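> Attaching a predicted model along with its sequence, questions to come.
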Amino acid sequence: MWYHRLSHLHSRLQDLLKGGVIYPALPQPNFKSLLPLAVHWHHTASKSLTCAWQQHEDHFELKYANTVMRFDYVWLRDHCRSASCYNSKTHQRSLDTASVDLCIKPKTIRLDETTLFFTWPDGHVTKYDLNWLVKNSYEGQKQKVIQPRILWNAEIYQQAQVPSVDCQSFLETNEGLKKFLQNFLLYGIAFVENVPPTQEHTEKLAERISLIRETIYGRMWYFTSDFSRGDTAYTKLALDRHTDTTYFQEPCGYNNYDRAVINTVPYDVVHRWYTAHRTLTIELRRPENEFWVKLKPGRVLFIDNWRVLHGRECFTGYRQLCGCYLTRDDVLNTARLLGLQA
Ligand SMILES: C[N+](C)(C)CCCC[C@H](N)C(=O)O
Ligand SMILES: O=C(O)CCC(=O)C(=O)O
Ligand SMILES: [Fe+2]
């Protein structure tokens, strides 16, 4: 479905993004002046792990499963899963968050086995399983393994020998679809081979994985160098690496060709933008970051436009491509339904 040149933002960008955020040690609350009651850690050994918690003036602190967590009291009230606050059939909150007093504090807190009970001033009781709190706390989320992404350049990708998935296996087996999605999530590109070279089969492949996003180019686009649309894609010209539809409010990703006039920032910020753009472009244009693939009838390529850019060399002769844009939410949803972390 896609093209020759795939440039990939190499690990440098990831390194740039990796810059850590150092949280200053939380100032220890000075209770003497704030609360008459003696503040102490409540220690209990629940069935499997020890649990300690402390009611601070402005938050609840919990130590459990080797994690120190801190919860805002409004958060604890807002995430209540009681029948009156939460619709467990639709997994939707029925509590009106805006009705929660921003200065709310629990009247009592009690631990029973692995369940914490918060009783609020109006008598409402919210209960939380300790493991649910670990899983849904900010501190617990930080430990969660996020879907690994493999940052690559042409050499890394070639050496990885990532297998394509055969059309039949992709369409008819969950294993085939899962294998494909695993590679797609890891690398940002993935291939399906032996696809009957028709628009209908390309469409079938797309629908196996996601909804198809209709745009001004149609639902499935089928194009050649006939200049049927006023865009260089419909010519024989070379196209430098880019992503499509950056002019949409919900673009597939960013693209220098289609970039509109920059008139939303003052000149000095504009210059900083050009400097950053140049750094990115130099990185993208490094030959080692270019992976060339020869598309042929029957080979379908899926590209994650947020990670991988595409382009082509100029060409002669007759050439026809068909493809479509997919909706990211639905691609990720399909991956999650197959048990992948996406
Ligand atoms: C032909 N096809 C529909 C695939 C793409 C057309 C894209 C046009 C525009 N240059 C952009 O990058 O968004
Ligand atoms: O024709 C190609 O191989 C690429 C065209 C392109 O990038 C596009 O249509 O957006
Ligand atoms: Fe494109």
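The structure has been received and is ready for your questions. Ligands and ions are numbered 1, 2, ... in the order given.

> List the contacts of stretch 109-121.
Contacts of stretch 109-121 with the rest of the structure, by Cβ atoms under 8 Å, 6 or more residues apart in numbering, involve 42, 44, 46-48, 51, 53, 55, 60, 62, 76-77, 104-108, 125-131, 133. Backbone N, C-alpha and C define where each C-beta goes, glycine included.

> Render the CA-only coordinates of the one helix or strand residue 185 maps to in CSV, please.
Here residue 185, judged by DSSP states H and E, is contained in helix 174-187. Listed in CSV are the C-alpha atoms of helix 174-187, where the atom choice follows Å, rounded to 0.1, in the frame of the first residue of the first chain:
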residue,chain,number,x,y,z
ASN,A,174,-5.9,-14.1,15.0
GLU,A,175,-2.3,-15.4,15.3
GLY,A,176,-1.4,-13.9,11.9
LEU,A,177,-3.1,-10.6,12.7
LYS,A,178,-1.5,-10.5,16.2
LYS,A,179,2.0,-11.2,14.7
PHE,A,180,1.5,-8.4,12.2
LEU,A,181,0.3,-5.9,14.8
GLN,A,182,3.1,-6.9,17.1
ASN,A,183,5.6,-6.0,14.4
PHE,A,184,3.7,-2.9,13.5
LEU,A,185,3.7,-1.6,17.1
LEU,A,186,7.4,-2.5,17.5
TYR,A,187,8.7,-0.9,14.3
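
> Do you know the pLDDT at the residue lying closest to residue 137 once chain neighbours are set aside?
In space, and not counting its chain neighbours, residue 137 is closest to residue 69: 4.1 Å by Cβ to Cβ, 6 or more residues apart in numbering. Reported pLDDT at residue 69 in the predicted model: 94.

> Neighbouring strands - and their directions - for the strand or helix carrying residue 69?
For residue 69, the host element (DSSP H and E) is strand 67-71. Each strand pairing with strand 67-71, determined using DSSP bridges, is listed with its direction: strand 60-64 (antiparallel).

> pLDDT of the partner strand, averaged?
In this model, strand 60-64 has a mean pLDDT of 96.

> quick revisit: give me the buried subset of the contacts of stretch 109-121.
46, 51, 53, 55, 60, 62, 76-77, 104-106, 126, 128, 130, 133 (16 or more other Cβ atoms under 10 Å).

> Which two of those residues have the greatest separation?
Every pair in the buried ones among the contacts of stretch 109-121 was compared (Cβ to Cβ); the two farthest apart turn out to be 46 and 104, at 25.6 Å.

> So for the strand holding residue 69, what gets flagged as buried?
Within strand 67-71, the residues that qualify as buried are 69-71, counting by 16+ other Cβ under 10 Å.

> Perfect, I'm done here.
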